[in-house]
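Q: Show me the folded form of this:
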Amino acid sequence: MSEAPAILTRALSKTYKDVRALDNVNLELPANRIYGLLGRNGAGKTTLMSILTGQNFATEGEAEIFGHTPFEHDPTLSRICFIRESQKYPDDFKASQAFKAAAIFFENWNEELAQDLVRAFNLPVKRRIKKLSRGQLSAVGVIIGMASRAEITFFDEPYLGLDAVARQIFYDRLIEDFAQFPRTIVLSSHLIDEVSNLLEHVIVIDQGRIVINAEAEELQGAAFTVTGNAQKVAQFTAGCKVLHRDALGSLASLTVQGRLSDQQRREAAELGLDLSPVSLQQLVVRSTLNAAADQNGTMEQEARK
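A: Have a look, this model is predicted:
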């Protein structure tokens with residue numbers, strides 16, 4: 001019998017009064033990979049992670065961790081570490097006490113890694129947590145998330161409080177430790193270009209719906225931008241799915257979904273058009289805006305009926 005996926009959702013939906021926070025989310029994510037959960041504020045990322053970590057429950061559908069519903073299921077919850085940006089700790093706790101508590105809860109806790117990260121982030125462990133700066137508080141969460149070595153670790157943007165150098169330390173140490181001790185890691189982030197090199201699989205959510213669910217390698221070269229004379233750009237992109245367009249006088253720039261063939265590259269050169277790749281961040285932004293426009297258009301059509 002094959003092992004259950006680390007994360008599985010079937011038609012998962014969550015409604016808060018008249019707000020549909022999640023809408024028919026279907027995922028099947030194998031274990032021991034690094035996933036990016038990307039999207040705008042309010043897209044549904046935190047709601048999804050809260051359900052997957054047993055801190056919330058679905059209105060409809062199912063969510064499973066290693067084949068079990070996580071809500072109020074202690075054997076499953078003990079395999080999960082969930083670190084939020086606004087992680088809460090007891091008021092009088094010191095960072096050292098937070099680490100001692102984590103060491104008791106997480107059976108794979110690695111004290112050597114925790115202390116190494118304390119030194120790397122220059123964290124004052126004897127200072128009360130409520131006296132720490134935002135960056136230091138972020139470091140506490142990051143250290144717990146990494147040193148827990150939980151089978152599934154969710155990082156809900158706790159590293160946003162870190163400066164650029166500290167974030168790079170986090171990324172480097174995460175990859176280094178993951179290579180030695182593989183586990184399932186889900187990174188929720190707005191800093192898409194920064195984390196893009198870490199990700200093996202990308203999930204983009206917008207307005208509670210999955211917009212992209214694909215291998216990171218598949219997304220490389222999955223779109224391109226063509227710029228030049230507006231008529232020639234229109235000729236070149238006829239029949240293509242356009243994600244975004246800009247125009248200024250006789251010039252136009254279109255971001256197009258699809259992969260360029262050698263023949264298309266030759267044709268663009270003959271037409272005097274410029275081709276440029278689209279980064280993961282640009283692809284996420286354009287796909288999200290395009291999906292939102294399609295959804296709004298559908299809603300307007302339904303309203304007219």
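Q: what is the residue nearest to the spatial centre of the chain paired to in the beta sheet?
A: The centroid of the chain falls nearest to Leu37 when counting by Cα atoms, centre = their mean (2.0 Å). Note on Leu37: beta-bridge partners by DSSP bridges are Ser188, Ile203.
Q: so what's it up against?
A: For Leu37, the contact set (Cβ atoms under 8 Å, 6 or more residues apart in numbering) comprises Lys45, Leu48, Met49, Val186, Leu187, Ser188, Ser189, Ile203, Ile205. Any C-beta I mention is one placed from the backbone N, CA and C, and that applies to glycine too.
Q: And the last one, its phi and psi?
A: Okay, so that is Ile205. Main-chain torsions, Ile205, degrees, to the nearest 10: phi -120, psi 140.
Q: Give me the residues contacting whichever strand or helix holds Asn26.
A: In this structure, Asn26 sits in strand 19-29 according to DSSP states H and E. With contact meaning Cβ under 8 Å, 6+ apart, strand 19-29 is reached by 5-15, 35, 44, 47-48, 51, 58, 61, 184, 201, 203, 205, 207-210, 213.
Q: buried set for it?
A: Ala21, Leu22, Asp23, Val25, Leu27, Leu29 (16 or more other Cβ atoms under 10 Å).
Q: same check, this time on stretch 188-207
A: Of the residues in stretch 188-207, 188-189, 191-192, 195-196, 198-199, 201-207 count as buried by neighbour count, 16+ other Cβ under 10 Å.
Q: Now do it, average pLDDT.
A: Stretch 188-207 shows a mean pLDDT of 91 in the predicted model.
Q: Now the terminal residues of it, how far apart.
A: In stretch 188-207, first residue to last residue: 15 Å (Cα to Cα, to the nearest Å).
Q: burial of Asn41, as a residue count?
A: Residues contacting Asn41 under the criterion other Cβ atoms under 10 Å number 8.
Q: same question, Gln115
A: Counted with other Cβ under 10 Å, Gln115 comes out at 14.
Q: List the contacts of it.
A: When contacts are counted by Cβ under 8 Å, 6+ apart, Gln115 is found next to no other residue.
Q: Quick check: closest non-adjacent residue to Ser96.
A: With Cβ to Cβ, 6 or more residues apart in numbering as the criterion, Ser96 has its nearest non-adjacent residue at 4.2 Å, and that residue is Val125.
Q: what's near enough to touch that neighbour?
A: Shown in contact with Val125 (Cβ under 8 Å, 6+ apart): Lys94, Ala95, Ser96, Phe99, Val118.
Q: what do you get if the cut-off is 6 Å, keeping everything else the same?
A: Ala95, Ser96, Val118 (Cβ atoms under 6 Å, 6 or more residues apart in numbering).
Q: Just the ones of those in helices?
A: Those of the contacts of Val125 mapping onto helices are Ala95, Ser96, Val118, per DSSP state H.
Q: Of the residues you listed, which is the most crowded?
A: For the ones in helices among the contacts of Val125, the largest neighbour count, defined by other Cβ under 10 Å, is 23 neighbours, found at Ala95.
Q: Let me know whether that one touches Gly141 as I believe.
A: No. Between Ala95 and Gly141 there is no contact under Cβ atoms under 6 Å: 10.4 Å.
Q: Quick check: which ranges of this protein have low pLDDT?
A: Segments of the chain classed as low confidence (criterion: pLDDT under 70) are 1-2, 291-305.
Q: Quick one: the helices in it, in order.
A: Going by DSSP H, the chain shows helices at 45-52, 74-77, 95-105, 111-121, 134-147, 164-180, 192-195, 216-219, 230-236, 262-271, 280-304.
Q: Make a markdown table out of those and add distance to Pro158.
A: Putting the helices of the chain into a markdown table (distance: least, Cβ to Cβ, whole Å) gives the following:
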| stretch | distance to Pro158 |
| --- | --- |
| helix 45-52 | 12 |
| helix 74-77 | 19 |
| helix 95-105 | 13 |
| helix 111-121 | 12 |
| helix 134-147 | 4 |
| helix 164-180 | 9 |
| helix 192-195 | 13 |
| helix 216-219 | 22 |
| helix 230-236 | 43 |
| helix 262-271 | 43 |
| helix 280-304 | 20 |
